[in-house]
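Q: sequence first, predicted model second:
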Amino acid sequence: MSPLRSVPAGDPSPDREGDPTRLADLLVELLARSARGDEAAFAELYDATASRVHGLVLRVLRDLAQSEEVTQEVFLEVWRTASRFQQHRGSAVSWLLTMAHRRAVDRVRSAESASRNETTYHRQNPEVEHDATVEQVEASLEARRVHDALQALTDVQRQALELAYFGGYTHTEVARMLELPVGTAKTRIRDGLIRMRDAMGVAQ
Amino acid sequence: MNDTTNDLMNDGSIHALSGAYAVDALDDLDRLRFEAHLAGCADCRAEVQSLQEAAARLAETTAVAPPPALRDRVLADITRVRPLPPEEPARQPAPGVPGHLKPRRHWRMLAAAAAVLALVGIGTVATQPWDHGSSHGQLDVAARVLAAKDAQRFSSTLPGGAQATVVRSPSQGRAVILTRKMRPAPDGKVYELWLQAPSGRMLPAGLMRGGNREVLLRGDAATAKAVGITVEPAGGSAQPTSAPIALLGFDKASA
């Protein structure tokens, strides 16, 4: 993370591509070494990505103890399956966060079906527990760019995307929550992501 | 049945599920079906990949450092787990897949089978499901049923909150049952699956344990009227010895 953090928050600078690219290459190399059993490389990979993994899992699950469990499971899975990462199929960080998100969502949904009432209450009454992260977030230029890209979405696109990604809701649940037809919710999630992708200059 | 099912089965907009898929906003069954679609749709694969990249950026806004003790636990964990070797770059046809199938079809089934594996929790990483080529005979059939254009879905909530979903494909003549959170059968007992013949007779269609399962039912599901689940003595019975805990009628298809 340090290459990102070292850049002050503020106007997006034209040379912003340099550091993230270097970080991306580093992660690929660390994954390759991890796949060969290099524990030191894995520790470095952990240090470079743990905040994003844990923060995402925590945002979805909201429960600190469960989030630590899931973060631990995710990294163990990363270690075990590092050889299965394929660079041409996307970035290392996306591979890792996709895995983390899937696990967090699986956990939140199985917790929900186990104790529907309690969890529903919890999820419908979100405490704002994330303020502590705001300063840290604003320190990252990348985070600022993401924030700006989110603000550029329509309200419905942003709400649908946030409910799906951070809330862990299915698109049919998102539709009910926003009182939209299911097909519309589905489209808004996709449109929102496409606009994010294009605004962020994500490689296609 | 819900709107999602109709979406998936009746209109051509399955491509538009790429966004919901990229942010894990599909339920298990829709996910399986979309993954079966993905395996045959390069455009959707590329789009999903780019949307997953975009979604991952969202995590930049939520970073929170985990406690240092977690790092210690993770680094201790990995000393006890052996990393998987790389997958073979060249894919050989898996055993059990008929050789005359067109590659694309074959590919679809492999991916769907891998998705089934992921669903039932055999440790497959499902983030790039089309990469996983493991497969065997029964799963191929199950995958064909799940990916069939005429697949119909029937769902039921069982006592205790467990979910059972039957997917039947008349063209394949088979049905697959997916269960979530079934309690284990009582000691010395087992869940037995039944296909109800047009005559009303219950024909044994296989045995199943509790938990989250995906089981291909034995027998002709095209003409059957219903799928039943009973609790039977270990080893199963030739005919039901107790009232069904679930009976999912095929007349109630809404797809």
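A: Now that the structure is in, tell me what you want to look at. Predicted, not measured: the structure shown is a model, and the values here were computed from it. Numbering: from 1, shown residues only, chains lettered A, B, ... in the order given.

Q: show me what contacts the residue in chain A that chain B sits nearest to?
A: Closest residue of chain A to chain B, Cβ to the nearest Cβ: residue A:190 (2.8 Å). All C-beta atoms are positioned from the backbone trio N, CA, C, and that covers glycine. Residue A:190 makes contact with B:16, B:17, B:18, B:19, B:20, B:51, according to Cβ atoms under 8 Å, 6 or more residues apart in numbering or on different chains.

Q: apply 10 Å and report the result again.
A: Shown in contact with residue A:190 (Cβ atoms under 10 Å, 6 or more residues apart in numbering or on different chains): A:157, A:160-161, A:171, B:15-23, B:47, B:51.

Q: which intervals of the stretch 1-150 of chain B have sub-threshold pLDDT?
A: Counting by pLDDT under 70, the stretch 1-150 of chain B shows low-confidence ranges at B:1-12, B:89-139.

Q: same thing but at 90, please
A: When residues are selected by pLDDT under 90, those of the stretch 1-150 of chain B lie in B:1-16, B:27-41, B:86-150.

Q: that one: helices as residue ranges?
A: Using DSSP state H, counting those that start in this stretch, the helices of the stretch 1-150 of chain B run over B:3-10, B:18-22, B:28-39, B:42-58, B:68-78, B:103-119, B:137-147.

Q: so which bits of stretch B:67-87 are buried?
A: Burial within stretch B:67-87, assessed by neighbour count using 16 or more other Cβ atoms under 10 Å in any protein chain shown, is assigned to B:70, B:71, B:73, B:74, B:75, B:78, B:83.

Q: got the residues you listed as a markdown table, with distance to chain A columns?
A: As requested, the buried residues of stretch B:67-87 are arranged in a markdown table below (distance: Cβ to the nearest Cβ, whole Å):
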| residue | distance to chain A |
| --- | --- |
| B:70 | 5 |
| B:71 | 6 |
| B:73 | 6 |
| B:74 | 5 |
| B:75 | 6 |
| B:78 | 4 |
| B:83 | 5 |
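
Q: per-domain residue ranges of chain A.
A: Domain ranges of chain A: A:2-133, A:152-204, per automatic domain parsing.

Q: any idea which of those scores lowest on pLDDT?
A: Here the domains of chain A differ in mean pLDDT, and the lowest is domain A:2-133 at a mean of 79.

Q: now do residue B:232 against residue B:165, distance only.
A: Relative to residue B:165, residue B:232 is positioned 21 Å away (criterion: Cβ to Cβ, to the nearest Å).

Q: the more surrounded of the two?
A: Neighbours around residue B:232 and residue B:165, counted as other Cβ atoms under 10 Å in any protein chain shown, are more numerous at residue B:232. The numbers are 21 against 18.

Q: can I assume that one sits in a strand?
A: Yes: checked against DSSP: H, G, I helix; E, B strand; the rest coil, residue B:232 lies within a strand.

Q: circling back to that earlier point, just name the most buried of the domains of chain A.
A: Comparing the domains of chain A on average neighbours per residue, with mean count of other Cβ atoms under 10 Å in any protein chain shown, the densest one is domain A:152-204 at a mean of 20.

Q: any idea how far that one is from the chain center?
A: 14 Å (Cα atoms, centre = their mean, to the nearest Å).

Q: before we move on, back to that, could I get the buried residues of stretch B:67-87 as JSON lines with distance to residue B:238?
A: Conversion of the buried residues of stretch B:67-87 to JSON lines gives the following (distance: Cβ to Cβ, whole Å):
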{"residue": "B:70", "distance to residue B:238": "54"}
{"residue": "B:71", "distance to residue B:238": "57"}
{"residue": "B:73", "distance to residue B:238": "51"}
{"residue": "B:74", "distance to residue B:238": "52"}
{"residue": "B:75", "distance to residue B:238": "55"}
{"residue": "B:78", "distance to residue B:238": "50"}
{"residue": "B:83", "distance to residue B:238": "48"}
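
Q: the residues you listed: which two are farthest apart?
A: The span of those, defined through Cβ to Cβ, is set by B:70 and B:83 at 20.2 Å.

Q: not counting residues beside it along the chain, what's closest to the residue of chain B found nearest chain A?
A: Closest approach of chain B to chain A (Cβ to the nearest Cβ) occurs at residue B:19, with a separation of 2.8 Å. What sits nearest to residue B:19 in space, not counting adjacent residues and going by Cβ to Cβ, 6 or more residues apart in numbering or on different chains, is residue A:190, at 2.8 Å.

Q: so that neighbour, which of the three states?
A: Bear in mind the rule, three-state DSSP; under it residue A:190 is helix.

Q: gap between it and residue A:179?
A: In terms of Cβ to Cβ, residue A:190 sits 19 Å off from residue A:179.

Q: now swap in residue A:44 and tell me
A: 47 Å.

Q: distance of the nearest residue to residue B:47 once chain neighbours are set aside relative to residue A:43?
A: Across the structure, with Cβ to Cβ, 6+ apart as the measure, the residue nearest residue B:47 apart from its sequence neighbours is residue B:18 (4.7 Å). Distance check for residue B:18 against residue A:43: by Cβ to Cβ, it reads 35 Å.

Q: do residue B:225 as well
A: Here residue B:225 is placed at a distance of 59 Å from residue A:43 (Cβ to Cβ).

Q: now residue B:66
A: Counting by Cβ to Cβ, the gap from residue B:66 to residue A:43 is 14 Å.

Q: I appreciate the help and will end here.
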